[in-house]
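**Student:** Predicted coordinates and the sequence they were generated for:
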Amino acid sequence: MSRASREGRTDWRLLLEKAIEGLIFVSGISAILFVFSIFLFILLEGRGFFLTEFRFGEFFFSTEWVPEAAGKNRFGTLALVAGSAAVALLSMSIAVPFGLGAAVFLSEFCTPRIKETLKIVIELLAAIPSVVWGFIGITLINDSIQRATGVSPGTNILNGSIVLALMAVPIIVSIGEDALRAVPDSFREAALALGATRWQITYRVLFPAAKNGLLAAVLLGVGRAIGETIAVLMCTGHAVIMPFDGKFPYFHPLESARTLTATIAAEMGEAARDSSHYQALFVLGLMLFGITFVINLTADLAVRGIRKR
């Protein structure tokens with residue numbers, strides 16, 4: 001092969017490499033641009049609310065959400081935020097123990113045949129649409145709660161939390177199991193050589209070694225609980241009621257509640273475009289943006305602190 005041919009091939013490879021690097025850079029930066037674009041769109045759609053209807057005390061500390069009222073619109077989000085928090089906290093208190101426990105079982109204790117079967121079942125659970133989970137909550141879970149507790153007919157926080165926990169468990173199990181399996185086998189072998197039991201290996205070796213991945217699994221489950229819409233709308237009663245009743249952190253799981261996401265989904269279709277109601281719903285979207293940002297920032301700081309230790 002002549003020198004000119006070799007140089008031509010080298011130049012072609014360099015151009016291809018630069019093109020691939022440019023494509024990767026554009027792909028990476030586009031995610032940031034998309035997020036900022038969505039945030040800017042929501043902010044622009046809701047900006048009129050800040051100029052005309054926004055009152056800080058009422059918006060953040062009032063429990064009255066009465067848009068399109070005959071006398072005066074009232075846009076208080078305290079009950080909506082409290083409902084979102086109550087549903088998310090109760091669902092995570094159910095999903096995290098079951099999810100991490102199932103991840104440990106799949107990773108360390110079950111046989112290969114059972115593991116493959118359970119993983120298929122878990123993947124099928126993750127593929128069930130939200131509206132189907134909502135039907136399950138209304139018909140099966142809610143009836144069981146009523147028979148067990150004697151509560152009056154109607155959906156409630158406990159019903160929605162159980163449904164959300166079932167929706168979040170597959171995510172926690174899948175990522176948690178991957179995190180545990182990523183721990184080198186040398187860690188397990190060293191612990192066995194020291195005489196540790198399988199349970200001691202799990203909570204003294206595997207959990208500390210896989211804590212970053214397990215934290216990521218839990219946070220993704222929290223994100224699913226906060227961001228879920230249709231199932232929560234169908235299963236929590238959708239009533240603007242303060243679930244904590246002035247006794248935070250204690251709340252009534254058998255009371256109805258309304259979440260931020262369910263409010264947006266239920267009312268966006270009936271709100272007149274550019275009305276105060278329409279703009280207020282976009283402001284609720286900004287609140288959800290802020291909540292998810294705080295969760296992600298807290299997770300990032302926690303992971304960095306863990307890595308430093």
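**Tutor:** Cool, the structure landed.

**Student:** Contacts only, for V66.
**Tutor:** By C-beta atoms under 8 Å, 6 or more residues apart in numbering, V66 lies in contact with N73, R74. Quick note: C-beta positions are derived from backbone N, CA and C, even for glycine.

**Student:** Would you verify that N296 is located in a helix?
**Tutor:** Yes: membership of N296 in a helix is supported by DSSP: H, G, I helix; E, B strand; the rest coil.

**Student:** and it, how many residues sit next to it?
**Tutor:** N296 has 12 neighbouring residues, counting by other C-beta atoms under 10 Å.

**Student:** What of L106?
**Tutor:** L106 has 22 nearby residues by other C-beta under 10 Å.

**Student:** try the one 10 residues further on
**Tutor:** Other residues near E116 come to 12 when the count uses other C-beta under 10 Å.

**Student:** swap in I291?
**Tutor:** I291, neighbours per other C-beta under 10 Å, totals 18.

**Student:** Please apply the same query to F207.
**Tutor:** 16.

**Student:** Nearest residue to the middle of this structure?
**Tutor:** G223 (1.4 Å; C-alpha atoms, centre = their mean).

**Student:** who touches the helix or strand containing that residue?
**Tutor:** Under the criterion of DSSP states H and E, G223 resides in helix 211-227. Outside of helix 211-227, the residues within contact range by C-beta under 8 Å, 6+ apart are 84, 87-88, 91-92, 95-96, 99-100, 103, 164, 167-169, 171-172, 174-176, 178-180, 182, 207, 261, 288, 291-292, 295-296, 299, 302-303, 306-307.

**Student:** separation between the residue nearest to the centre of the chain and T236?
**Tutor:** As judged by C-beta to C-beta, to the nearest Å, G223 and T236 stand 18 Å apart.

**Student:** which residues of the protein fall in helices?
**Tutor:** 3-52, 56-61, 78-104, 112-127, 130-136, 142-149, 157-181, 185-193, 198-201, 207-209, 211-227, 230-235, 260-267, 276-308 (DSSP state H).

**Student:** tell me the contacts of the closest residue to A102 other than its chain neighbours?
**Tutor:** With C-beta to C-beta, 6 or more residues apart in numbering as the criterion, A102 has its nearest non-adjacent residue at 4.6 Å, and that residue is V173. Applying C-beta under 8 Å, 6+ apart, we find V173 in contact with G99, A102, A103, L106, I122.
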